[in-house]
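Colleague: Give me a model of this one.
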Amino acid sequence: MARLESIIQTLVCLKEPLQSDSFFNTLDGAFPKGPDPRSTTIILTGLAKKGRLDMTLGVLSWHEMNKFELNCFHYSAAIDACARASKWTEALHLLSSMEQNYVELDTITLNATISACEKGDEWKAALQLFKEMAPCGVEFNTITFSAAISACEEGGEWEVALQFFSVMAQNDLELDTNTLSAAVAACKQGCEWEKALELVSDMAQSVVE
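Modeller: Predicted coordinates:
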């Protein structure tokens, strides 16, 4: 683990362009036979948390260039980096790359991509992605709906937000405070104060029960 942390720190501190010798030498020297999947996940996640989207995407490209294994965890980490930087176009590009490389889409990756679109103020893209993925067999969880409802808030789509909220209740998904807040905010954006109050009342009632 200490070795991987050292690699992450070296990449974070690099000032040269991604295609520089320093970048390639760092990765080639650390993994002469190629990294194992777990190490890749740790490095991509570490770079994402440190706000180095460029390095995160660079490591992913290095894997693709060398035909090293990439899985849904790797793409999820890279898309999370996009979400942190509000780079929604890059997130959608990575999602497309997953399909091209026959990597199965999972819930975590979907959530990160929707979140990237929402944080990039592209609520239409977020909702479109939600609708496109619905028939694909990807499991939606509380985080998925919360991200979609937050996108509804951005676009003032309070009716859609209420539909999502209703689907969550029907499927016995946890209605947490973040989801409620996003749904209430969407109603407020649409000047639907009565609907907002109803949501708060229903949530309070469910807690009592």
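Colleague: Please count neighbours and contacts with C-alpha atoms only from this point.
Modeller: OK.
Colleague: lowest average confidence, helix or strand, in this structure?
Modeller: helix 193-208 (a mean of 51; mean pLDDT, DSSP states H and E).
Colleague: the helices in this structure, which residues?
Modeller: Ranges of helices within the chain are 2-13, 21-30, 37-49, 53-65, 72-84, 88-100, 107-119, 123-133, 142-155, 158-170, 177-189, 193-208, based on DSSP state H.
Colleague: which stretch in those helices has the least confidence?
Modeller: Note on the helices of the chain: helix 193-208 shows the lowest mean pLDDT, a mean of 51.
Colleague: Could you export the helices of the chain as TSV, including mean neighbour count?
Modeller: Below are the helices of the chain laid out as TSV (neighbours: other C-alpha atoms under 10 Å):
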stretch	mean neighbour count
helix 2-13	14
helix 21-30	14
helix 37-49	20
helix 53-65	19
helix 72-84	26
helix 88-100	17
helix 107-119	26
helix 123-133	18
helix 142-155	25
helix 158-170	17
helix 177-189	22
helix 193-208	13
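Colleague: Can you tell me which residue is spatially central in the chain?
Modeller: Here the mean C-alpha position of the chain is nearest to the C-alpha of residue 112 (C-alpha atoms, centre = their mean), at a distance of 0.9 Å.
Colleague: ok, it to residue 164 distance?
Modeller: Residue 112 sits 18 Å away from residue 164, going by C-alpha to C-alpha, to the nearest Å.
Colleague: How about residue 28?
Modeller: Using C-alpha to C-alpha, we find residue 28 at a distance of 47 Å from residue 164.
Colleague: Next: residue 31.
Modeller: Residue 31 is 45 Å from residue 164, by C-alpha to C-alpha.
Colleague: Next: residue 9.
Modeller: To residue 164, residue 9 is 41 Å away according to C-alpha to C-alpha.
Colleague: Give the closest residue to residue 147 in space, chain neighbours not counted.
Modeller: Once flanking residues are discounted, residue 147 sits nearest to residue 115: 5.6 Å by C-alpha to C-alpha, 6 or more residues apart in numbering.
Colleague: quick one: that neighbour and residue 83 touch, right?
Modeller: Yes. Assessed by C-alpha atoms under 8 Å, residue 115 is found in contact with residue 83 at 6.0 Å.
Colleague: Give me the phi and psi angles of residue 34.
Modeller: Note on residue 34: its backbone torsions stand at phi 90, psi 150 [degrees, to the nearest 10].
Colleague: Tell me the confidence at the closest residue to it other than its chain neighbours?
Modeller: The shortest distance from residue 34 to any non-neighbouring residue, by C-alpha to C-alpha, 6+ apart, is to residue 68 (6.7 Å). Among the per-residue scores, residue 68 holds a pLDDT of 91.
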